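*Asks:* With the input below, show me the fold.
(one chain, ligands or ions: 1)
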Amino acid sequence: MTDALRTTGLGVRYRRTWALRDCSLAVPPGRVAALLGPNGAGKTTLLHAVVGLLAPDAGTISVAGQVAFMAQDKPLYDAFTVAETLAFGRRLNPTWDDAHAVARLEGLGVPLDRRVSGLSGGQRAQVALTVALARRPSLLVLDEPLANLDPLARHDVMRALMTAVAEQPLTVLLSSHVVADLRDTCDWLIVINGGRVQVSGDIDDLLAGHLVLTGPAGAGTPPAGSRVVEASRTGTRTRLLVRGTSVTDPRWSARPPDLEELVMAYLRSPDAAALPAPAEVRA
Ligand SMILES: Nc1ncnc2c1ncn2[C@@H]1O[C@H](COP(=O)(O)OP(=O)(O)OP(=O)(O)O)[C@@H](O)[C@H]1O
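*Replies:* From the prediction side, this is the model:
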């Protein structure tokens, strides 16, 4: 199966400073992939390279099929009505699906005769998403689509993405800072930190491959067969988030992490990584 997106050894630099270094990752088709990382990690740079707005300074990017991009500021012409926005898209894009775009916005109750300047933040996001989807892309890339939206609008945007993935052959890659919004929608996780890929993989596999261990502060070295991602101590207890699937040492109690715990542990430990072996990425 050809991956919807694959980068190998990707590097991008601004003048002499590398914003991305040696980034190898793959997203299989039909996935909704979350791209997470702290401020300045390189998320926007990665997305811009994927959609062709930036040329790589090292490595390669391959995308199967047509890409659509929704930029962070959801650029739309304020003076256009929603209907004029769709007409503009229709003129520019030979693969434009107007019937679907109109039905989608009508279904969401977005008035087609309203100027973009008069839309709420949530409606604006839905119009920008409709414009991106109407091009019938095979990969939809969204840079922080949930930024500046209230919880209800964030939920609506994520639900719209899930519907789109269910309706058409589509892979989604979206960056975000809010892990809680992603758990129900995303099934693939990419974490970048300091311009490097730290985590890349199926979310269920990642959760099943890690454990939260709690034990006495004097329990010594972590149990055999586990690799510590993050360690913390509160009073007489030690808490470890480890890569591993079973622990036989009775001094440690184990439970699976949730997505937020997993992501936070990696973000706090920039040197830890959960990546496929290089051969898997290349295969
Ligand atoms: N046009 C530019 N010129 C020089 N450096 C840049 C430019 N754009 C980004 N950078 C730098 O590259 C690094 C990655 O930036 P990028 O915007 O990709 O990060 P990000 O993860 O999207 O951050 P945020 O979460 O704050 O949006 C940062 O150190 C940033 O300062």
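*Asks:* C-alpha only now, for contacts and for neighbours.
*Replies:* Fine.
*Asks:* Go through stretch 166-179 and flag the buried ones.
*Replies:* Neighbour-count burial for stretch 166-179 flags L170, T171, V172, L173, L174, S175, S176, H177, V179 (criterion: 16 or more other Cα atoms under 10 Å).
*Asks:* In those, find the pair that's most separated.
*Replies:* Distance extremes for the buried residues of stretch 166-179: the farthest pair is L170 and H177 at 22.7 Å, using Cα to Cα.
*Asks:* Of the buried residues of stretch 166-179, which are in range of the ligand?
*Replies:* Residues of these in contact with the ligand (Cα under 6 Å from any ligand atom): none.
*Asks:* among the residues you listed, which are in helices?
*Replies:* Using DSSP state H, no member of the buried residues of stretch 166-179 falls within helices.
*Asks:* Could you take these and lay them out as TSV, with extra columns for distance to T238 and pLDDT?
*Replies:* Formatted as TSV, these follow (distance: Cα to Cα, whole Å; pLDDT from 0 to 100):
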residue	distance to T238	pLDDT
L170	43	95
T171	40	96
V172	38	96
L173	36	97
L174	35	96
S175	32	95
S176	30	92
H177	28	87
V179	25	89
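*Asks:* residues from the protein in reach of the ligand?
*Replies:* Residues of the chain lying near the ligand (Cα under 6 Å from any ligand atom): Y14, A19, G37, P38, N39, G40, A41, G42, K43, T44, T45.
*Asks:* repeat that with 8 Å
*Replies:* Counting by Cα under 8 Å from any ligand atom, the residues of the chain close to the ligand are 13-15, 17-20, 36-46, 176-177, 192-195.
*Asks:* Which of those residues are buried, as a ChimeraX select command?
*Replies:* Typed into ChimeraX, the line below selects the buried ones among these, using 16+ other Cα under 10 Å:
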select :13,19,20,36,37,41,42,43,44,45,46,176,177,192,193,194,195
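*Asks:* Which ones among the residues of the chain next to the ligand lie within helices?
*Replies:* Reading helices off these with DSSP H, I get K43, T44, T45, L46.
*Asks:* Does the first one touch C23 like I think?
*Replies:* Looking back up the chat, that one is K43. No - using Cα atoms under 8 Å, K43 makes no contact with C23, being 11.4 Å away.
*Asks:* okay, and the common contacts of those two?
*Replies:* Shared contacts of K43 and C23, defined by Cα atoms under 8 Å, 6 or more residues apart in numbering, are absent.
*Asks:* Look through the protein and report the residue furthest from the middle.
*Replies:* G218 (38.5 Å; Cα atoms, centre = their mean).
*Asks:* Can you give me the separation between it and D98?
*Replies:* Look at G218 and D98: by Cα to Cα, to the nearest Å, they are 65 Å apart.
*Asks:* Ok, L54 next?
*Replies:* 30 Å.
*Asks:* Kindly report the same for P56.
*Replies:* For P56 relative to D98 (Cα to Cα), the value is 34 Å.
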